[in-house]
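>>> Quick one, structure for this:
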Amino acid sequence: MLYQSVEKSQFGANRNFLYFYIRKAKLNKMKSLFNTLNPEAQEVVIEEVKEARVRDLILYNDDENTFDFVIEALVEICKHDIIQAEQCTYIVHYNGKCTVKSDSFSNLKPMKDALIDRGLSAVIK
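Have a look, this model is predicted:
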């Protein structure tokens with residue numbers, strides 16, 4: 001949870017804006033605190049910031065699928081370009097695994113499921 005005070009001079013002379021990044025449960029408490037701290041303020045902007053934990057989609061070598069099949073799957077599912085998909089495929093072949101995408105869990109889950117449906121070995125870590 002972050003609390004950040006920022007003075008915004010471009011909104012006009014003598015106007016101070018206090019920006020709070022808070023949870024919704026503390027909204028009323030923070031409004032009363034703001035009014036106590038700065039009764040002349042014209043506006044209060046309150047936002048909730050959600051930080052999604054970045055996870056990795058890891059593809060493992062399986063010695064069953066061809067290079068072309070894996071490249072095609074990475075292009076279609078992970079939206080890689082041909083060169084990136086080819087590089088990931090070589091890394092998987094020689095190192096045994098490769099991180100093919102980094103994003104939030106909710107964005108990676110459908111990609112992992114699609115790769116598994118095609119017979120590839122993938123996990124989210």
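>>> confidence score at residue 59?
As predicted, residue 59 sits at a pLDDT of 97.
>>> right, and it touches residue 96 too?
No - under the criterion of C-beta atoms under 8 Å, residue 59 makes no contact with residue 96, lying 10.0 Å away. (Each C-beta comes from the backbone N, C-alpha and C, glycine too.)
>>> quick one: which of these two has more around it?
residue 59 (24 against 10; other C-beta atoms under 10 Å).
>>> part of a strand, is that one?
Yes - counting by DSSP: H, G, I helix; E, B strand; the rest coil, one finds residue 59 located in a strand.
>>> For it, give me its contacts.
For residue 59, the contact set (C-beta atoms under 8 Å, 6 or more residues apart in numbering) comprises 70, 74, 88, 92, 97-98, 100, 115, 120-122.
>>> And the strands in the chain, which stretches?
With strands called from DSSP state E, the chain shows them at 3-6, 17-21, 44-47, 55-60, 97-103, 121-124.
>>> hey, least reliable of the ones you listed by pLDDT?
Confidence, taken as mean pLDDT, is least for strand 17-21 of these (a mean of 39).
>>> Helices of the protein, residue ranges please.
Using DSSP state H, the helices assigned to the chain run over residues 27-37, 67-78, 82-95, 105-117.
>>> out of those, deepest packed?
With neighbours defined as mean count of other C-beta atoms under 10 Å, these peak in mean count at helix 67-78, which reaches a mean of 18.
>>> Mark out where each domain of the protein begins and ends.
The chain breaks down into these domains under automatic domain parsing: 3-47, 55-124.
>>> what residue ranges in the protein score low on pLDDT?
1-52 (pLDDT under 70).
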